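Novice: I'd like to go over a predicted model; first the sequence, then the structure.
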Amino acid sequence: MKKKNSKSLERDGEMLPEYDFRDGVRGKHYQAYRKGHTVTIHKNDGTSVVQHFKLEEGAVVLDPDVQAHFPNSMAVNKALRCLIPLLPKKTRSKERERV
């Protein structure tokens, strides 16, 4: 049997028929994900492995409309550095003390 190429499954960027998100709820697990989440992996031998995930210190999650304008960390940092001089001096000096 010939293996299907993943490109042959694509149809002009359309979702494949087996994926049906009509009853999906956007952001349903958003708050829980931000707090951290646990994944349980059930292995074939009957054992389970539990992994805990939490956002790394300093991680920031961008909303989709903002993320569309900033494709990577470098773009976000560049934009924020442009805004720093616009902050009031009191705020900037407090920021330096924390670093």
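Specialist: Now that the structure is in, tell me what you want to look at.

Novice: every contact and neighbour count from this point should use C-alpha atoms.
Specialist: Will do.

Novice: for the closest residue to Val50 other than its chain neighbours, what is the enclosing helix or strand?
Specialist: Counting by CA to CA, 6 or more residues apart in numbering, Thr40 is the residue found nearest to Val50 once chain neighbours are left out, at 4.4 Å. Using DSSP states H and E, Thr40 falls within strand 37-42.

Novice: next, the angle from whichever helix or strand comes after that strand to strand 37-42.
Specialist: Counting by DSSP H and E, the element after strand 37-42 in chain order, helix or strand, is strand 48-53. Angle of strand 48-53 versus strand 37-42, following axes from the mean of the first three to the mean of the last three CA atoms, to 10 degrees, is 160 degrees.

Novice: check the most centrally placed residue in the chain and give its pLDDT.
Specialist: The centre of the chain sits closest to Val61, judged by CA atoms, centre = their mean, with a distance of 6.1 Å. Here the pLDDT value assigned to Val61 is 82.

Novice: now do it against Gly36, distance only.
Specialist: Here Val61 is placed at a distance of 13 Å from Gly36 (CA to CA, to the nearest Å).

Novice: the residue nearest to the centre of the chain in helix, strand or coil?
Specialist: Secondary structure for Val61, judged by DSSP: H, G, I helix; E, B strand; the rest coil, is coil.

Novice: let's number from 785 now, not from 1
Specialist: Right, with 785 as the first residue, what we last looked at is Val845.

Novice: contact partners for the residue nearest to Val834?
Specialist: For Thr824, the contacting residues are Ser832, Val833, Val834, Gln835, by CA atoms under 8 Å, 6 or more residues apart in numbering.

Novice: and it, how far from Val833?
Specialist: Distance from Thr824 to Val833, by CA to CA: 6 Å.

Novice: mind listing what Lys838 touches?
Specialist: Tyr817, Arg818, Lys819, Gly820, His821.

Novice: what about the last one, how many residues nearby?
Specialist: It stands for His821. Neighbour count for His821, taken as other CA atoms under 10 Å: 13.

Novice: correct me, but His836 touches Ile825?
Specialist: No - counting by CA atoms under 8 Å, Ile825 is not a contact partner of His836; they are 11.2 Å apart.
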